[in-house]
Every structure is written in C-alpha cells, then in structure tokens.
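Enquirer: generate a structure from the sequence data that follows.
(4 chains)
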Protein chains: 2
Amino acid sequence: MTVKIFSVEDEESLVSLLEYNIKSSGYDFYHAGTAYQGMIDIQKVKPDLILLDWMLPDQPGTEICKFIRSHESLSETPIIMLTAKGEESDLVSGLNIGCDDYLLKPFSPKELIARINALLRRSKNKNKESILEFENIKMNTDTHRVYCCNKEAKLGPREYSILEFLMKKPGRVFTRQQILDSVWGTNVYVSDRTIDVHIRRLRQALSTTEECKVIRTIRSSGYSLDIEA
Amino acid sequence: MTVKIFSVEDEESLVSLLEYNIKSSGYDFYHAGTAYQGMIDIQKVKPDLILLDWMLPDQPGTEICKFIRSHESLSETPIIMLTAKGEESDLVSGLNIGCDDYLLKPFSPKELIARINALLRRSKNKNKESILEFENIKMNTDTHRVYCCNKEAKLGPREYSILEFLMKKPGRVFTRQQILDSVWGTNVYVSDRTIDVHIRRLRQALSTTEECKVIRTIRSSGYSLDIEA
DNA sequence: TTGCAATGTTACATTTTTGTTACATTTCTT
DNA sequence: AAGAAATGTAACAAAAATGTAACATTGCAA
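Expert: Next up is the predicted model:
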C-alpha cells in the first residue's frame, strides 16, 4: 500500500528538495503552492501525512491546520509544520494549533525523514498513546519533544529517557538502581551518583522560564515525578 | 534472610562455575542435573530464582518453565534461561513461555550476577501493598508520602522506616531491639535510647494539626502503633 | 582531521539526617 | 515521700546524602 505525503509549500527550491527525499524514501509525493489549493487537494488525495509551510502567500499554514482538524475524515492525519528561524513562536512549539511536530528551516533531509517515519509509525498503530502528560509537562514519545509550560525543553537523550521513565508512573518513587536498570539496562556498571547528575541536568532543562519543580528528591530513597509539598 | 538460587544444569564444569560465583555473591546454591529431578527439588527448596539450561538430557528446560509457571506457589519465581549459541532462534518461544531473562553461553560471571541481582530486585518490589492505613494515618509506600488527618506529614528517612514497620502490625508491641533489627538491620550497634529519640521525632512529625496520639509507649517493653487507652 | 555534544566521573559545597549526650519528667517500688 | 528506673526532650557534632560545577573521554558529524 502506498503512503501519500502532501506538502503545502510555495518555495520552489524547497519543494523539489522535499519531493526528492520523500520519493527516495518510498512515499508518494503530492503538492500545492497555496493554502487555498492545498485545502482543496488535501480532501481529494486524503494523504497519510501533511507538511505545512508556516508562511504561505495567501494564508498562514495554521489556517490549513485548523481546517484539517475540523474535518472528520482528515482530523487524524499527522501534520508537520515547517517554519523559518524567527517564526518559532510558542504557538508552534507548544503545538497548540494541532500540528504534531515541527521542523526549523533549514533542516536536514535525514531529520525530515526521521520525523515523518516516527509520525507514520504512530498513526499506524494509533491505539497506542504517544502523549505523556503530568502537570505542566507534556511529552510526545513519537517526536521526542518535551514541553514545559508550553515552551519546548531541550533534553539530552539520557535526560529524555529518564523523564519518560518517570512519566509512566507519576508520583511513584524510584530508587537510583531502578532508574539505572530501566534506562541504562541491567548489565551496566554505572555509579549511582551519575543519576544525581542527570537528574540535575533534567531539572535544569525543565526550568525553561518559570520555576517548575516537578522532580522530587526522596532522601535515602530516590526520585519521583511529583510536585513538591 | 538467605536467598536461594536453583540451577538445573547437566554440564558438570558449568555447574561448578555457577556454584562458585553464586556462592561468592552471598547466595545459597542448589542444583539438579535433570529436568525431572529439578521439578522435584524445586518444589521442596522453593528458591528465589531459577537458572535453567535450555538443553537437558531428559526434557528441554522450557518444560520446567511451564511447570513452574503453572504452580501457584512457584509461579512468581524469576527464571533465567541459559542457552548455547545456535539455539537462539528458539529464544522467542523461550521468552513467551515465561522466563524472565536469558543468557547466551558462554557468558561472563559478572554478567550472570548482574542479571541475577536485577531480577531479584524486581521480584522483591513486586507483591507489596502500597497503601498502609491505621486510624487517621495513611501511608503510601509508592510515593513515600504520609498523611495524618489528611494533612501531609514530613518524616525523615528513619522515621519513615519506623512508621512503616509499625504500620505493618498495628497494635502489636515491639521491643526496641526488634525495631533496631528491622529498621537498622542486625549486627549494627546503636544505643537503645536512639529509638526513643526517633519515636519522639516521629510523634512530633505526626502532630500536624491536632493532637493525634497513635504511638503508645509500653513501659519497660517498647512501643506500638495504637491509640492511647 | 576538528569540533561539538553527550556522558560518566570526580571533587567540593551544601543540606539533611543521625546518634549521642545531658538533663527533665514521669512512673514504679518500697 | 524518696529513690530508682524508664522515658521525654532539646541541643549538638559527626556522618551521610544530595546539589553543583568542572573535567576527561567518547562517538559522531561537518
């Protein structure tokens, strides 16, 4: 079965780049140059994934986003927003508009394909929940993006894994050993103190703007995802 | 308390290697040379963890696996399967049958011990009731939070452990020595009076708002979790 | 290559916990 | 009631746990 990817993009050179890479990865490529044409064609094509430029000649890409989400037959289609530097508003990064991921231009083809694949994988088995949420922390396990207070938090791989582990059982206290077993794997020899350092890095990364303390230290026991009492 | 590890293995040289390393790590070692004998002895010994050879003279190790899983009193026992190279293709079925981990021969003793430790840690934390309640005290061992009259009580680690110990047998009187043995561990030399101090700290921490006396002093005997007469 | 990001460790700073002691208070015994 | 024994209480110094910053190493990408 063919997988259809639809791009709404006015910049010629970018279109051919997209087309080349997407076709190379074995997907069908469809395209429109304006928001208006896009909304028309998307209904006909019924693509499996949509790439939207943030800036379009007639209307902003966000309008297409709203349009798609409000149409029953399309509303589940994953959307990736393409934005130029400087256009990154909290809207995009907070993913409040309803897109599933975004990419900052210029992006590497490798990254583009990786993110497309991640989203397609999810929508294939859509029964699986890919959004973890706790308090003001939001985590998308498909795109590996993390948001704290609607602002994106950039985590390293280890920090991400630790947070994901904690998010699966919010409030529950884990020993350093349990975190090690889960994140590093059982047959690895790593100092307990390493956890402390990564916890610090995680806390730091989550302190985007405001003070949002969500990782609790339980002295002589371990850590947990929880609000301080 | 001793931890018992049972191995079903016919290869002599491997048995002595196992025995040496397992005993060195402070575990008791038990052994049978055939699947048949293994099934007999495992019921008697009731080990904490089982090592099964994939290939045995009379029956494949997977049979023992099934046998164990179908016996109420043994079904929670973690199992590690030992397989020679080339038998890996069947690994899938091995894991499906219900073993918890596997090791490819030849394996390093370090790796073996690491995995044993990991599985023992996991099974220890399993069947543990996470909510303890007595009168107006509520204790969640998952989150390590304690509530007294619906208000959170902040306890130090020692106080927490003592309370947890008392909560498991409400009303029962424990001597200072019993509390020491349980919370501090045996072979530790600490003054009896230390208990008194911690009991005071515990009482104080539990006096959140109102006077709620739940720790009773039994003169010349010890303490118990109980309402004052 | 070079540079960069991620990682794990270490050393040091800071905070919290802990066990002991001395003294006060209560309870029991005579 | 006095004295002895047991327990409550407060203060303190040592020890332990955790936070923090800096560093060496590694792997990877430009």
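
Enquirer: any idea which helix or strand comes after the lowest-mean-pLDDT helix or strand in chain A?
Expert: Least confident helix or strand, chain A: helix A:90-94 with a mean of 51, by mean pLDDT, DSSP states H and E. Per DSSP states H and E, the first helix or strand lying C-terminal to helix A:90-94 is strand A:101-105.

Enquirer: ok, then the element right after that following strand?
Expert: Following strand A:101-105 in sequence order, the next helix or strand is helix A:109-124 (DSSP H and E).

Enquirer: can I get the CA coordinates of the next helix or strand after that following helix in CSV?
Expert: Once the chain leaves helix A:109-124, the next helix or strand it forms, by DSSP H and E, is strand A:131-134. Output of strand A:131-134 as CSV, limited to C-alpha atoms (Å, rounded to 0.1, in the frame of the first residue of the first chain):
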residue,chain,number,x,y,z
ILE,A,131,1.5,11.7,24.6
LEU,A,132,2.5,11.6,28.2
GLU,A,133,1.4,14.4,30.5
PHE,A,134,1.9,15.4,34.0
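
Enquirer: list the buried residues for strand A:131-134?
Expert: Neighbour-count burial for strand A:131-134, counted by 16 or more other CB atoms under 10 Å in any protein chain shown, picks out A:132, A:134. Placement of C-beta: from N, CA and C, glycine included.

Enquirer: mind giving me the packing neighbours of that strand?
Expert: strand A:137-140, helix A:157-167 (3 or more CB pairs under 8 Å, 6 or more residues apart in numbering or on different chains; DSSP states H and E).

Enquirer: thought A:Ser108 was touching A:Leu17, still the case?
Expert: No: applying CB atoms under 8 Å, one finds A:Leu17 not in contact with A:Ser108, separated by 10.7 Å.

Enquirer: more crowded one of the two?
Expert: Remark: of A:Leu17 and A:Ser108, A:Leu17 carries more neighbours, 16 against 10, as counted by other CB atoms under 10 Å in any protein chain shown.

Enquirer: which SS state does that one fall under?
Expert: Classification of A:Leu17 by DSSP: H, G, I helix; E, B strand; the rest coil places it in helix.

Enquirer: pull the contacting residues for it.
Expert: Taking CB atoms under 8 Å, 6 or more residues apart in numbering or on different chains, we find A:Leu17 in contact with A:Pro109.

Enquirer: quick one, what contacts the most centrally placed residue in chain A?
Expert: Residue closest to the mean C-alpha point of chain A, counted by CA atoms, centre = their mean, is A:Thr143 at 3.3 Å. The contact partners of A:Thr143, by CB under 8 Å, 6+ apart, come to A:100-101, A:115, A:118-119.

Enquirer: swap in A:Ala32?
Expert: Going by CB under 8 Å, 6+ apart, A:Ala32 touches A:6-8, A:38, A:40-42.

Enquirer: tell me what it is bridged to.
Expert: Beta-bridge partners recorded for A:Ala32 (DSSP bridges): A:Val8.

Enquirer: swap in A:Ala84?
Expert: Counting by DSSP bridges, A:Ala84 is bridged to A:Lys105.

Enquirer: next one: A:Asp28
Expert: With DSSP bridges as the criterion, A:Asp28 is bridged to A:Lys4.

Enquirer: run the chain-centre distance for stretch A:28-39.
Expert: 23 Å (CA atoms, centre = their mean, to the nearest Å).

Enquirer: swap in stretch A:18-27?
Expert: Chain-centre distance of stretch A:18-27: 21 Å, with CA atoms, centre = their mean.

Enquirer: pull that stretch out as CSV, backbone CA atoms only.
Expert: The C-alpha atoms that make up stretch A:18-27 are tabulated as CSV, following Å, rounded to 0.1, in the frame of the first residue of the first chain:
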residue,chain,number,x,y,z
LEU,A,18,11.1,17.6,-0.4
GLU,A,19,10.0,15.8,-3.4
TYR,A,20,13.3,14.2,-4.0
ASN,A,21,13.8,13.0,-0.4
ILE,A,22,10.3,11.8,0.1
LYS,A,23,10.2,9.8,-3.1
SER,A,24,13.6,8.4,-2.3
SER,A,25,12.1,7.0,0.9
GLY,A,26,9.4,5.3,-1.0
TYR,A,27,6.5,7.6,-0.3
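
Enquirer: residues of that stretch that come out buried?
Expert: Residues of stretch A:18-27 classed as buried: A:18-19, A:21-22, A:27 (neighbour count, 16+ other CB under 10 Å).

Enquirer: among those residues, which one sits closest to DNA strand C?
Expert: Lowest distance from DNA strand C to the buried residues of stretch A:18-27 (CB to the nearest atom of the strand) belongs to A:Asn21, with 23.4 Å.

Enquirer: could you find the closest non-adjacent residue to that closest one?
Expert: Nearest residue to A:Asn21, sequence neighbours excluded (CB to CB, 6 or more residues apart in numbering or on different chains): A:Pro109, at 4.3 Å.

Enquirer: taking chain A, what residue is nearest to DNA strand D?
Expert: A:Thr217 (3.7 Å).

Enquirer: what is the neighbour count of that residue?
Expert: Using other CB under 10 Å: A:Thr217 sits among 15 other residues.

Enquirer: any idea what sits nearest A:His144, other than its immediate chain neighbours?
Expert: A:Tyr160 (6.2 Å).

Enquirer: my read: that neighbour touches A:Val146, true?
Expert: Yes: counting by CB under 8 Å, A:Val146 is a contact partner of A:Tyr160 at 6.9 Å.

Enquirer: more neighbours: the two, which one.
Expert: A:Val146 (24 against 20).

Enquirer: and the gap between that one and A:Asn117?
Expert: To A:Asn117, A:Val146 is 20 Å away according to CB to CB, to the nearest Å.

Enquirer: show me the shaky parts of chain A.
Expert: For chain A, the stretches with pLDDT under 70 are A:85-97, A:124-129, A:209-211, A:228-229.

Enquirer: quick check: A:Leu112 vs A:Leu103, distance?
Expert: Distance, A:Leu112 to A:Leu103, using CB to CB: 6 Å.

Enquirer: so which bits of chain A are right by DNA strand C?
Expert: Within chain A, the residues that sit near DNA strand C (CB under 7 Å from any atom of the strand) are A:156-159, A:184, A:189-191, A:193-194, A:197-198, A:219-220.

Enquirer: and DNA strand D, which of those reach it?
Expert: Restricting those to those near DNA strand D by CB under 7 Å from any atom of the strand leaves A:193, A:197, A:219-220.

Enquirer: now the residues you listed: which count as buried?
Expert: Of these, not one counts as buried by 16+ other CB under 10 Å.

Enquirer: and these as a markdown table, adding distance to B:Asp48?
Expert: Below are those laid out as a markdown table (distance: CB to CB, whole Å):
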| residue | distance to B:Asp48 |
| --- | --- |
| A:Arg193 | 29 |
| A:Val197 | 33 |
| A:Arg219 | 29 |
| A:Ser220 | 25 |
